[in-house]
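> One predicted model, sequence on top.
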Amino acid sequence: LTAAIDTIYGELRGESLDGRFEARVAGPEIELSAARIAWGPARVEASGDAGEALDLAFDAEVPDLGLLLPGASGSFTADGRASGPRTTPRITANLEAEEIVTDAASASSVSGDVDVDLAGPLQAELLALGVGVAGRDLDSVRVGLTGRRADHELRISASGPRADLALEASGGLDDGGHWAGSLDTLSLRADTIGAWALEAPAALAVGPGVEFEELCLRSDPARICAAGASDEAGIRLDATIDSLRLERFAPLMPAGYEVEAGIDAVIDLDQQANGAVTGSIDLRTTAGSLALPRSDEGGTLLLRFEPIVFALTSADSGSVGEVDLVLTDSAGAALVRVEGEIDSPFALYQPQDLSALDSQPFSARAELAVDDLELFSAYALPRWDAWGSMHALVELEVDEAGALTGTLAAATDSMRLRNTVRQEAYLLTLDPFRLDARVGPDGLTGETDLAVSVPGSEDLITVRGEIRMPELTSLEIVPAEQPVDATLSIQVDDLY
């Protein structure tokens, strides 16, 4: 039987389609005399035997990669041959690409040779020059594969002015498509995180999920280790961080910001298929310092902090967590204190499954104390000098019926602000500021008051406000749908 399609024509994505197909069929054997299709400037041609035993040559040319990948650019050519049994063929190919640009990466040129025998040896080499990926410019990226389907080695290397990578892995692919092997070597150097190297080979398996045994990277004195798995049943991660200094991430910090401290952490987490997260996180820093650019008079504001503690444990029987932070000035005087606690008889949930918390009881407490408001004048209130202190406390509780109760209280002591306008200094005194809010069976109620004066005078400005949201009695209520009753009065006694 001889079959021929003289003309294939049409249009796809605004480009014309044109092609021709001619073949001779004798039982399971198919001989392609000619097969050609053109899509705009792109073309693909093939000829040869395509039956039980393959002997098929092919050739492709894509002058504009945007035809295949909308938004991409560059050109691509490939030619090769498929031979041997149809179920386990041998494929040889050569490919060339120029000026490739996609959303994920770019390369000035790509070249490669592939010789893959699914029943025998495998060999592939790929070289990309002038590569851009993840905001990094690399001189070259090289990928090599040698061995056989059941026993092969993969090598990847990349080099550039700001980063280098070398990776070697070995393993095999079974008939079910599952790959098992090990990550044998890994070294990474980047100007943002320093130089890291794999301590010892780590077992790795892929398909249908991913599983890896303890994998440790070291960059003296720091050490990061992790083991875990991800499949349909969920995600498991066990990790430790030892002696990781934050100074090594200085290139990632915004201009004018500097941090000096060490971090140690132990992470043991399991995420179940229903979104529940069980396990623990214990993160602690050493005492350290944080330098911020001053917004009032230029220069740098230096803050010190005592060891920071963040601990969280989540289990089927409940979750507890705490955070503790103290900031001091360069002389050691306390500026900011933050304390927080959370307690729930249920496990935590990943963020996209927070709706599951609607009927789960929990309690939370957070406390903020700013002992010296000079921090605000240096960073948040440019051109002002500030004195005083502030304290805030939030306590929330949700019972098993979903009812929400709690309080929010914030207050300052007698706060003073000084500024200079038209070469005349103005000193404002704020009487103790108060903000109180409560939520319970009657919804949310709150009030605030503030009085501002200058030395030797009565109040210049007084502010009083109240708010009521009677239906805010649980977390299930959407605030945008809440009725609100609010009043605010402002009195200015001297507009001068």
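Sure thing, it's come through.
> Only C-alpha atoms from now on, for both contacts and neighbour counts.
Fine.
> if I look at the residue lying closest to L327 once chain neighbours are set aside, how far off is W179?
Spatial nearest neighbour of L327, chain neighbours left out: F305 (4.4 Å); criterion: Cα to Cα, 6 or more residues apart in numbering. Remark: distance between F305 and W179 (Cα to Cα, to the nearest Å) = 48 Å.
> Who has more neighbours out of these two?
Comparing F305 with W179 by neighbour count (other Cα atoms under 10 Å), the higher total belongs to F305, at 24 against 20.
> which residues pair with the more buried one across the strands?
Under DSSP bridges, the beta-bridge partners of F305 are G288, L327.
> any low-confidence regions in the stretch 201-350 of the chain?
Filtered on pLDDT under 70, the stretch 201-350 of the chain yields the residue ranges 295-298, 346-350.
> Now do the strands in it.
Secondary structure of the stretch 201-350 of the chain (DSSP state E, counting those that start in this stretch): strands located at 202-206, 210-219, 222-231, 234-245, 258-260, 262-272, 276-285, 288-293, 300-305, 309-315, 318-328, 334-344, 348-349.
> and among the ones you listed, the most buried is which?
Ranked by mean neighbour count, the strands of the stretch 201-350 of the chain are led by strand 348-349 with a mean of 22 (mean count of other Cα atoms under 10 Å).
> Walk me through which strands the very next helix or strand once past that strand pairs with, and which way each runs.
Counting by DSSP states H and E, the next helix or strand C-terminal to strand 348-349 is strand 362-370. Here strand 362-370 is paired, per DSSP bridges, with strand 334-344 (antiparallel), strand 390-398 (antiparallel).
> for this protein, what spans make up the helices?
374-379 (DSSP state H).
> so the residue nearest to L327 makes contact with G262?
No. Taking Cα atoms under 8 Å as the definition, F305 is not a contact partner of G262, at 11.8 Å.
> Spell out which residues are contacts of both of these two.
A287, G288 (Cα atoms under 8 Å, 6 or more residues apart in numbering).
> pLDDT score for G27?
Looking at G27, its pLDDT stands at 69.
> ok, back up a step: residues touching the residue nearest to L327, list them.
F305 is in contact with A287, G288, S289, L290, L325, V326, L327, T328, counting by Cα under 8 Å, 6+ apart.
> want to throw these into CSV with distance to M469?
CSV is the format used below for these (distance: Cα to Cα, whole Å):
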residue, distance to M469
A287, 43
G288, 43
S289, 42
L290, 40
L325, 33
V326, 34
L327, 36
T328, 38
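> Adding distance to A60, write the strands of the stretch 201-350 of the chain out as TSV.
Formatted as TSV, the strands of the stretch 201-350 of the chain follow (distance: least, Cα to Cα, whole Å):
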stretch	distance to A60
strand 202-206	32
strand 210-219	35
strand 222-231	38
strand 234-245	42
strand 258-260	53
strand 262-272	46
strand 276-285	49
strand 288-293	57
strand 300-305	61
strand 309-315	56
strand 318-328	59
strand 334-344	61
strand 348-349	50
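> Could you list the low-pLDDT ranges of the stretch 351-496 of the chain?
For the stretch 351-496 of the chain (pLDDT under 70), the answer is 351-360, 374-385, 414-428, 430-431, 454-459, 474-482, 493-496.
> how about the strands of it, start to end?
Assigned by DSSP E, counting those that start in this stretch, the stretch 351-496 of the chain shows strands spanning 362-370, 385-387, 390-398, 404-412, 415-421, 424-430, 434-440, 443-453, 459-469, 485-492.
> Which of those strands sits closest to E258?
The closest of those to E258 is strand 362-370. By Cα to Cα, the value is 21.6 Å.
> Pull the residues that contact the closest one.
Outside strand 362-370, the residues that touch it by Cα under 8 Å, 6+ apart are 335-346, 389-399.
> same deal with stretch 130-147?
Stretch 130-147 is contacted by residues 104-109, 121-129, 152-163 when judged by Cα under 8 Å, 6+ apart.
> ditto for stretch 432-452
Residues outside stretch 432-452 that contact it (Cα under 8 Å, 6+ apart): 403-415, 428-431, 459-473.
> Flag every buried residue along that stretch.
432-440, 443-452 (16 or more other Cα atoms under 10 Å).
> picking up where we left off before, and the strands paired with strand 362-370 as TSV, adding distance to M253?
TSV is the format used below for the strands paired with strand 362-370 (distance: least, Cα to Cα, whole Å):
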stretch	distance to M253
strand 334-344	22
strand 390-398	29
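> what bridges to the residue lying closest to L122 once chain neighbours are set aside?
Nearest residue to L122, sequence neighbours excluded (Cα to Cα, 6+ apart): V116, at 4.5 Å. Beta-bridge partners of V116, counted by DSSP bridges, are I91, L122.
> For R236, which of the strands paired with strand 362-370 is the nearest?
It's strand 334-344; of the strands paired with strand 362-370, that one is closest to R236 (Cα to Cα) at 22.0 Å.
> From what I see, S16 and A42 are in contact.
No. When contacts are counted by Cα under 8 Å, S16 is not listed as touching A42 (10.1 Å).
> Which one of these two is surrounded by more residues?
Neighbours per residue (other Cα under 10 Å) separate S16 from A42, with A42 holding more: 20 against 13.
> Not counting its neighbours along the chain, what's nearest the more buried one?
In space, A42 is closest to V62, 4.4 Å off (Cα to Cα, 6+ apart).
> Over to A38?
D18 (5.1 Å).
> need the contact list for that neighbour.
Residues in contact with D18, defined by Cα under 8 Å, 6+ apart, are T7, I8, Y9, G10, I37, A38, W39.
> now these: which count as buried?
Looks like those have I37, A38, W39 buried, using 16+ other Cα under 10 Å.
> for the stretch 1-150 of the chain, what spans make up the strands?
2-12, 15-26, 29-39, 42-50, 53-62, 73-85, 90-101, 105-117, 121-133, 136-148.
> what's the distance between the residue nearest the centre of the chain and A105?
Taking Cα atoms, centre = their mean, the centroid of the chain lies closest to A134, which sits 12.8 Å from it. Shown here: A134 relative to A105, a distance of 7 Å by Cα to Cα.
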